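> Mind looking at a prediction? Sequence and model below.
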Amino acid sequence: MHAKRQFIFLGTPAAIMLVLLVFTLGACELVDPSKIENPQITADNLLANPNGGTTSLVTGVRRLFSATIGISTFIGDLVSDNLDNRTSFYDNVLSFPRTITPRTFTYGAMYENALQLNALADFGIATIIPNDVLATNEQKAEVYFYKGIALLILGENFTNFPITEKGPLVSAQDALRIAVEQFQTAFNLTAQSALKISCKLARARAYRMLGDRTNAAAEANAALALPGGTTHTHMAQFDPANLTSTTYAAMVGRTSNDIQPLPRLDFLDPKYTTTSTSHPVLKAEEAHLILAEVALANGDLAGAKAAMRNAITTARGRATITFNDRDTRTGRPNDPTMLVKADADAPARAGLIQRRGGSSVVTVYPISGTSLTTAMIDTLTTVSSHFYTLYLLRQEIFFLEGRRMSDLGIRLPVTQRQIDGNKNVVDGGPGTRVVVPDYIPPNDEYRHFTVSGNTVTIKWDMNRVLTANRSRVSPFGIQ
Amino acid sequence: MILPLSRFAQWCISVTVLVLSLSSFLIAQEGTGEVRGMVTDAARNEPLVGANILITGTTMGSTSNADGIYTIRRVPPGQYTITARFVGYKPMTKEVTIRAGQTVTIDFALSPTTVQLDEVVVTGQGVATEKRRLPTVVESIGSREIDVAPVKDIGQLLAGRVPGLQAYLPSGHPGSSARLMTRGVKTALGQPTPVIYVDGVRVDNNFQGRLASGTGGQITSSINDLLVGEIDRIEITKGGAATTLYGAEAANGVIQIFTKKGVPGAIRWSLNATTGYSEHPLTRIYSQYTKDRFFQKGAYQGYRLAASGGNEAISYNVSGRMSYDKGVMTRNKLFDKTYNLTGGLRVVSSELTSIELSTSYTRNSFGQVFNDNAIASLLSSLETEGRFELSTNKDSLFEQYLLPDLGDNVNRFITSANFTYKPYSWWDNKFTVGVDYRKNEQRFYVPLEGGAFIGTVGGYLFRSDREYKTLTLNYTGSFKLPEVGPVTQNLVIGAQGFRIDDREIRGEGRTFRIPGTKDFDNASTVTAFESNQELFSYGFLIQDQIGIWNRLFIDLGVRFDGNSTFGKDIGIQTFPKAGIAYNISDEEFWPDMIKPYLSSLKLRSAYGVAGNFPPPFSRDRTFGAAQFLNESALTFGNPGNTELKPEKTESIDLGFDAGFLDDRVSVEFSWYKQTTKDAMFNVTEDPAAGLGFQRRNVGKIENKGIEISVRAMPIDEENIQLSLRGSYATVDNKVVDMGGSAPFTIAGFAFAPQRVELGLPVGVIRANKPRLEVVDPATGRMGYLGNSDEVFIGSPFPTRTMSFSAELVLFKDLTISGLMEGAWGHYILNQKLSRQIVNALSNPNLYQERLALIPKVEPGRTPYNRNTASAVLVEPGDWFKIREVSIRYRVPRNYLFAVNGLAITASVRNLAMFGVKATEVDPETSFIPSTAIEVGGIVGTTIEAPRQYRLGIDVTF
């Protein structure tokens, strides 16, 4: 008994140690809990598999393009007389443009998405495309094109911003010039007529912003001359499950928002009726509008008339759909018999307000809509009336395309993150303050209106204001 | 051939070599004797159940059974010292001589004490150590207190019971648990929750996952299914030197839970049946319709059956329980059902070895609803929107909101094995292995007939699964070194490894064309998301506990840590500690005349470092592949940081533990300062690079404060005993260095974000305060012109906390107890008010009285709105609550037949709240953004902790 116990006690630690030793040398490999693998795409494994990488790059820039458009169409209209933010989680500061600062949270995605689109295109052009033997010219063309779009959106809506990591500030004009080059590179690479037209339209739009009436007109005409040019649209597409437009969510989903159009634009709302309705970004109407603006700058009223008639014809030729809008326009005009006066002195117009809610069905213009007719153009006489009509056409045709803020002359500041993340961007320095021309009425008055009896009277007709200040508004430096 | 070995293999070898090198042969034992006796309460002459009786210097020991009897068998002949301990009583030591074949009877009559210096704890020391030797504070809660607490989970239990630990309930929703925080916030991006161990095994202490629905601001917590069931005791440490030995994850403190392993004796059954109901206090509800329709009195029933017994070689504790709370929302939408099976086993296989096994399975299923900021929140719509206030068809709208089903099912296993091997009286080895496995499924279903709900039409199904597994391996060896003169030394060495696998998947199905279908098979489109994380951590520790004259104790230690979350350029991280404890009242020079008044005094001071490791993979530069139009879109991901390392919290503790009036009053006082260096901040990358933020170790955060805890037993007579306990703690938190990086937002809203700003508390609220200015220079009249100033307001979490509890025992059998706590010195953003004000501004029929808070501007000036006057939404967060009141009557044994014990308990939890300054919200609650750090500071429209009435009966037989 004694000997056996001693044996057990001598044996126990030895056995434990033997097991531990075996475990250490062999079994540890079997149960090793220390192996860790990151399931994400790391920099190493992205660059280790170059072939075909351009395909996901192109989808990546398309996606960021749509994300940028999805927010810029909304912000560009919200910070303008087009929309009224009645109760919403969107920052009310955007309704008071002079109070916008780099810390105004809600517009940041517009700026940063555009920069991200530019950066992803740059990264792809520098890193992925040169290593991908499968990359096609069409794919390359798209990457350059979307880089151009990013710079175009930035150039239209901001004054100064860096376009490379920790890089210097670039002025809007310089960014637009770079954009023009990108569109030309894309034009040269692509064999697709549709993309060629888009490149031309985008160049026309950039040259307009640069005040280059010759090139703007030439590119606009070139776009229209290409096959399909007179009906062309370049759309930003959305994915109902993975990427929807902020504009849709705010205007149609009305999830937590009550954002309403100015009553005079009521007939155009809602432009986008489903989560995946595409948003037009470049369209033939713009070529006509640019040509009209160039003609006016050149003092050619007849040419302007002709171009505006073309714009109206094109817009009125676009497809329409019908839609059961559930919004009841709480506290807002919702009666088709109501008349709208653009301001106290303006004539009262009918047909601008539709009935919504219940089973009412409204006509919707997913691409372009306008209340003007070619006959109305024919009656124009004064220079002012031509400018006024041009501005109204731009407002209606580009409704919910994010263009109105820029057309009003308002420019947003870069975001606080941009100031924090780049020493070349100094708070208080170029690009960091909102630009609101002094002809813009105080506070948020440009969206105020009153209802009296059957008539809605808007406080400020901003197209009249623009017309009065056209020497400052027009990019073509007219007198 | 030498093979390249993994880190883990190296770890294994280290442990093996250690044991091999120190091991030697053992000597067999002679014939043995036996000790037995009874442990009683000296004043009341009643048996004490569960007291520990240990033979000093051996693993031999026992636990007193239900009759207070203990037996220690197979004791080799010799002279021994035997100590009996029981939480809340002074330990007692007796000498005994054992002879072969004889039984010696040694009884212990223990006296209660408020001083805890002789209690034994293990947390932070690696081995069981008396509190008198510790240079830091380790709080403990014993089974006597735990068993009668009317709470469900650990988070609720800790509320008000530990000075310096904030355990506040973010809401009364089932599935949520207290937000645990010790000594302030030591990180700007991590979570403040302490690490939790159950029987030595690291367990999930996280809030809800990355892909789950945050339901608008109330997230669930895995602490909710750490049930207050078969717990023997809990030890709580608060970071710094007390947790240095836990290395790179212990900056927030460590909570250790030890489960019951049974007491020797014949099998003893205990049955508990509890009934009652829960109700919402309704005092902070705005709308009468909400009061009338939204809430209900929810019935509660709970049952527990446990068996415990064994002998000194094997003891066990097995229990099963279930409970069903129908919840305070109508239609039982917030029901809470829990099932649990727990088993604990202790096997003393020889004088040298023992094994403890514990396992527990918990099944929790509960309903959830959207709240706070969620579009789909019924409560928010009722309380803050016009949808109901203006509707002429409230009832049908109400029914529409009730159609969706949202809930969660949790299955959780925790299992542990602890193997103790003590080859010599001076050498103790402990191996721990265990697993915590938690799987939950959150499911949200909007039926086809739900119509357009949160933007979906035609039905919507959401399912989010999280599977969490952590494996813990631990070895601790302790060596009692030979005494040199008055100096004793205890050397502790250890190695620890743990691995976490945290896998999440989310699916969303849309458009269910056929009514009645409820799973993804029937959805027209299905999208899925996955997020997987894993990490491995390993560490080594060495500690020397030096005792001089058994009164002065010096504690030196260091832990070395490696972790798969550290950047590639970061090697092993070091965490040192040093401390001193001086039991000055044990000195001979301590005057006798003072002793009756100041009966014991320990002075202590400690320095130590503990860490907080980064989230998995945040060190890597990554790209993403987003789904877009059925293609894979390249996106930028994390910028990457090869120098990412743990945040290191350096802590200095000074304090004393004193006993007064023959230890009838005790005071614990601590002053602490904790400085987190290398704090991870979200450093802004240039948006021009298309990148967002990257965690970089650039910040420094400081927390300092005091903690005072007083226990007193003013009355200790045979038929009346009164014990009181109070505590007060302060914490002042601020960011002391930004490392040149820009301030950033961690939570909140555009109009009032929670910020990390230099010189201010983490999560400070930035708001716009209307500016009072001279409007008429002629008269000097002041007024508002519509201008605002940016202001930073408060600490988002309480800077002052208190608790007070009392227990009165009358005629031995009637116990009346109460617990209250309070918190103040902080501010909250009242998001309920914010929503009401926004809607009041847009509609003259809504919440107009709320507009009185916003200053009126001079005529012709732009009025303030929610954004330009957001400071009015930030209100003091003060609150005081009567947390628990209970009455327990134990039927005297001589009235009983057929059963051994019978007790009836009536209790109320969350009885009342007072001292509140915020408008119509419970400031204890918080609106939790599911991805950000949870520091409190925002309170929305949520369901506050309900008032719970319970009546329970306990029978033992």
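Done, it's in. Residues are numbered from 1 along each chain as shown, chains lettered A, B, ... in the order given.

> now the strands: where do they sit in the stretch 1-150 of chain A?
With DSSP state E, counting those that start in this stretch as the criterion, the stretch 1-150 of chain A has strands at A:41-42, A:83-87.

> which SSE is B:R604 in?
Here B:R604, judged by DSSP states H and E, is contained in strand B:598-612.

> A:Y388 too?
With DSSP H and E as the criterion, A:Y388 is inside helix A:383-397.

> quick one: that helix to chain centroid distance?
22 Å (CA atoms, centre = their mean, to the nearest Å).

> circling back to that earlier point, on contacts alone, who are the packing partners of the strand holding B:R604?
Packing partners of strand B:598-612 (3 or more CB pairs under 8 Å, 6 or more residues apart in numbering or on different chains; DSSP states H and E): strand B:552-563, strand B:573-582, strand B:647-660. Backbone N, C-alpha and C define where each C-beta goes, glycine included.

> can you rerun that using 10 Å?
Applying 3 or more CB pairs under 10 Å, 6 or more residues apart in numbering or on different chains; DSSP states H and E, we find strand B:598-612 packed against strand B:552-563, strand B:573-582, strand B:647-660, strand B:665-684.

> Okay, the nearest residue to A:A204 once chain neighbours are set aside and B:P770: tell me how far apart.
Leaving aside its sequence neighbours, A:A204 sits nearest to A:E219 (CB to CB, 6 or more residues apart in numbering or on different chains; 3.7 Å). Computed as CB to CB, to the nearest Å, the A:E219 to B:P770 distance reads 51 Å.

> So which of these two has more stuff around it?
Under the criterion of other CB atoms under 10 Å in any protein chain shown, the comparison of A:E219 against B:P770 puts A:E219 first, with 26 against 21.

> In contact with that one: list those residues for me.
Neighbour list for A:E219: A:180, A:183-184, A:199-208, A:212, A:287, A:290 [criterion: CB atoms under 10 Å, 6 or more residues apart in numbering or on different chains].

> In helices only, show me these.
A:180, A:183-184, A:199-208, A:287, A:290 (DSSP state H).

> Model confidence for residue 321, exactly?
Defaulting to chain A. Here, the pLDDT recorded for A:I321 equals 93.

> you looked at the wrong chain, it should be chain B
Model confidence at B:R321 (pLDDT) stands at 95.

> and it, bridged to which residues?
B:R304, B:N340 (DSSP bridges).

> And B:D325, how far from chain A?
Counting by CB to the nearest CB, to the nearest Å, the gap from B:D325 to chain A is 32 Å.

> got it, and B:F914?
34 Å.

> So the nearest residue to that residue once chain neighbours are set aside: helix, strand or coil?
Among residues not flanking B:F914 along the chain, B:F880 sits closest, at 5.3 Å (CB to CB, 6+ apart). Following DSSP: H, G, I helix; E, B strand; the rest coil, we place B:F880 in the strand state.

> One more: B:R268?
Using three-state DSSP, the structure places B:R268 in strand.

> Check what pLDDT it gets.
90.

> Next: the one 3 residues further on.
pLDDT, B:L271: 96.

> Just give me the neighbour total for the closest residue to B:S741 other than its chain neighbours.
Distances taken as CB to CB, 6+ apart put B:V683 closest to B:S741, at 4.6 Å, once the chain neighbours are dropped. Other residues near B:V683 number 22, with proximity taken as other CB under 10 Å.

> B:Y80 bridge partners, please.
With DSSP bridges as the rule, B:Y80 is bridged to B:V96.

> what's the neighbour count on it?
Around B:Y80 there are 22 residues (other CB under 10 Å).

> right, and it touches B:R99 too?
No: the criterion here is CB atoms under 10 Å, and B:Y80 misses it with B:R99 at 11.6 Å.

> Overlap in contacts, those two.
B:G33.

> Where does the prediction get shaky in chain B?
For chain B, applying pLDDT under 70 flags the ranges B:1-30, B:208, B:451-456, B:929-932.

> quick one: furthest residue from the center of it?
Here the centre of chain B is the reference, and by CA atoms, centre = their mean the most remote residue is B:A778, at 60.4 Å.

> how much space is there between that one and chain A?
In terms of CB to the nearest CB, B:A778 sits 25 Å off from chain A.

> which SS class is that residue?
B:A778 ends up coil, using three-state DSSP.

> which residues sit in contact with A:T214?
Contacts of A:T214 by CB under 10 Å, 6+ apart are A:Y207, A:V294.

> Kindly report the same for A:L466.
A:387-388, A:390-392, A:394-395, A:407-409, A:437, A:439, A:472-474.

> Would you mind checking these for buried ones?
A:F387, A:Y388, A:L390, A:Y391, A:L392, A:R394, A:Q395, A:D407, A:L408, A:G409, A:V473, A:S474 (16 or more other CB atoms under 10 Å in any protein chain shown).

> what ranges do the strands span in the stretch 251-400 of chain A?
A:258-261, A:279-283, A:321-323, A:339-341, A:348-349, A:362-364.

> Residues touching the shortest one, excluding its own?
The reference is to strand A:348-349. A:R264, A:M338, A:L339, A:V340, A:K341, A:A342, A:S371, A:N454, A:T455, A:V456, A:T457.

> wait, doesn't the fourth one sit right on A:T457?
Yes: checked against CB under 10 Å, the pair A:V340 and A:T457 is within contact range at 8.0 Å.

> what about those two, which has more around it?
A:V340 (26 against 19).

> Please name the bridge partners of that one.
Beta-bridge partners of A:V340, as defined by DSSP bridges: A:R349, A:V456.

> Retrieve the pLDDT associated with it.
97.

> What is the burial count for the residue of the stretch 751-900 of chain B found nearest chain A?
Proximity of the stretch 751-900 of chain B to chain A (CB to the nearest CB) peaks at B:S842, 3.8 Å away. A count of nearby residues for B:S842, using other CB under 10 Å, gives 17.

> weakest of the strands of the stretch 251-400 of chain A by average pLDDT?
Among the strands of the stretch 251-400 of chain A, strand A:258-261 scores lowest, at a mean of 83.

> Give me the helices and strands touching it, please.
helix A:53-78, strand A:83-87.

> ok, now with 7 Å
Other elements packing on strand A:258-261 under the criterion 3 or more CB pairs under 7 Å, 6 or more residues apart in numbering or on different chains; DSSP states H and E are strand A:83-87.
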